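1. dropping the sequence and predicted coords here.
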Amino acid sequence: MSGIFVIAELDGAIGDRIHALQERYDPKLAAESPPHVTLIGSSGAGPIPVGTSVELLKNAIEPVAAATPPLALRFGTPMRFLQREIVVLPLDPHGPLRALHQKLKDSGIPFAPARWPFTPHCTLSFYPTLTQESLRPLLALRETGVWTLSTLRVYLTREPQPPTLLFDAPLLG
């Protein structure tokens, strides 16, 4: 899929643990990008058009990030995503994370229609066909640590090329 996406990469020990799981259960996903949560470009708001200027994006996204404090978040129990071969670690779609998502949607950036309602998550397994042997340990996973969302990252994606980082917007509020 091509477009511009606003994501938050998982860092620290949680990012390392989730990346190790991705490498074990979905090496292709692990090689494509670090573990992350997509805030604009998937659920709730579709991708931003490729031709959108970086200036417009910065003028819209940076003030939202500057006014938002870092968010301490916990992942829920892993689940299969929309009855598909995708396993994710969900985040609560309400509260501060939804408020951030809504502020980004209302910031004036253009985006395509979303295919699904806002369902924030980190994908554990996307590409392989799941078997009982691979599904069981993924669904048994419990990530009890707190992850702090502290920076928005804005990427241009033009498949099949790797994504290009356009800019970072730290949460400073």
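-> Right, received. Where do you want to start?
2. remind me which helix or strand the residue nearest in space to the middle of the chain belongs to.
-> Ranked by distance to the mean C-alpha position of the chain (Cα atoms, centre = their mean), the top residue is residue 37 at 1.8 Å. Using DSSP states H and E, residue 37 sits in strand 36-40.
3. quick check: which helices or strands does that strand pack against?
-> Under the contact definition 3 or more Cβ pairs under 8 Å, 6 or more residues apart in numbering; DSSP states H and E, strand 36-40 sits against strand 3-9, helix 96-105, strand 121-125. (Glycine included, C-beta is placed from N, CA and C.)
4. look up how far residue 9 lies from residue 158.
-> Here residue 158 is placed at a distance of 19 Å from residue 9 (Cβ to Cβ, to the nearest Å).
5. then residue 108?
-> 24 Å.
6. more neighbours: these two, which one.
-> residue 9 (18 against 11; other Cβ atoms under 10 Å).
7. remind me what the worst-scoring helix or strand of the chain on mean pLDDT packs against, helices and strands.
-> When the helices and strands of the chain are compared on mean pLDDT, DSSP states H and E, helix 132-140 comes out lowest with a mean of 87. When contacts are defined as 3+ Cβ pairs under 8 Å, 6+ apart, helix 132-140 packs onto helix 12-25, strand 79-80, strand 87-90, strand 121-125.
8. next, the buried residues of that helix.
-> Buried residues in helix 132-140, counted by 16 or more other Cβ atoms under 10 Å: 134-135, 138.
9. now, which of the residues you listed sits nearest residue 92?
-> Ranked by distance to residue 92 (Cβ to Cβ), the buried residues of helix 132-140 are led by residue 138 at 20.1 Å.
10. any idea how far that closest one is from residue 42?
-> Distance, residue 138 to residue 42, by Cβ to Cβ: 20 Å.
11. again with residue 146
-> 23 Å.
12. higher neighbour count, those two?
-> Remark: of residue 146 and residue 42, residue 42 carries more neighbours, 22 against 12, as counted by other Cβ under 10 Å.
13. return the set of residues that bridge with the residue nearest to residue 75 when sequence neighbours are not counted.
-> Leaving aside its sequence neighbours, residue 75 sits nearest to residue 89 (Cβ to Cβ, 6 or more residues apart in numbering; 4.1 Å). With DSSP bridges applied, the residues forming beta bridges to residue 89 are residue 122.
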